[in-house]
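>>> sequence and predicted structure, then a few things I'm wondering about:
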Amino acid sequence: MTEDTNALAVTLFSEILTADQLLRNRLSRVLPKGMEISHFSVLNHLASVGGERSPAQLASTFHVTRGAITNTLAKLEWAGYIHIRPDWDDARRKMVALSPAGLQARDRAISAIAPLITKVVGELGTNRVRTALPVLRDLRIQLEDG
């Protein structure tokens, strides 16, 4: 790796990490009271897949430990946003489904964050965002594989 390539890589990752931190801070401030980004992420994922997932599948999807996903799921279940049931085929496993209240909470969260993300994309310009997406997607895929 040349010195220029190394500096470019460091700058790229520095920008991504800083943008991630700033975005998380801004999202945390506009999410409905008591909802964390991890809660929204799980609710949004369950809404988009439209079915049940096991805690292990969710942990894999979000690249977190089973302990971390168990903690998030316990909070979501306590809030009434998800249902957790035994897997009828394997009693050692559990299955997680979105509840109607969870779908409403996810929809409220989307409504709360939509103005923020729409404003950011509008200020950047849709063409610039469309240009950046393939690079960010390829970066994510490369990091998932490695």
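Thanks, I have the structure now. Numbers count the residues shown, from 1 in each chain.
>>> so where do the strands sit in the chain?
For the chain, strands defined by DSSP state E occupy the ranges 82-86, 94-98.
>>> TSV for the ones you listed, including distance to residue 114 and mean pLDDT?
To be clear about C-beta, it is placed using only N, CA and C from the backbone, and glycine gets the same treatment. Below are those laid out as TSV (distance: least, C-beta to C-beta, whole Å; pLDDT from 0 to 100):
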stretch	distance to residue 114	mean pLDDT
strand 82-86	23	96
strand 94-98	20	96
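>>> comparing the ones you listed, which comes out most buried?
strand 94-98 (a mean of 19; mean count of other C-beta atoms under 10 Å).
>>> now do it: which elements does it pack against?
helix 37-49, helix 55-62, strand 82-86 (3 or more C-beta pairs under 8 Å, 6 or more residues apart in numbering; DSSP states H and E).
>>> and these as a markdown table, adding distance to residue 70?
Listed next are those as a markdown table, based on distance: least, C-beta to C-beta, whole Å:
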| stretch | distance to residue 70 |
| --- | --- |
| helix 37-49 | 12 |
| helix 55-62 | 6 |
| strand 82-86 | 10 |
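>>> and those: which comes nearest residue 15?
Of all the helices and strands packed on strand 94-98, helix 37-49 sits nearest to residue 15, with 19.9 Å by C-beta to C-beta.
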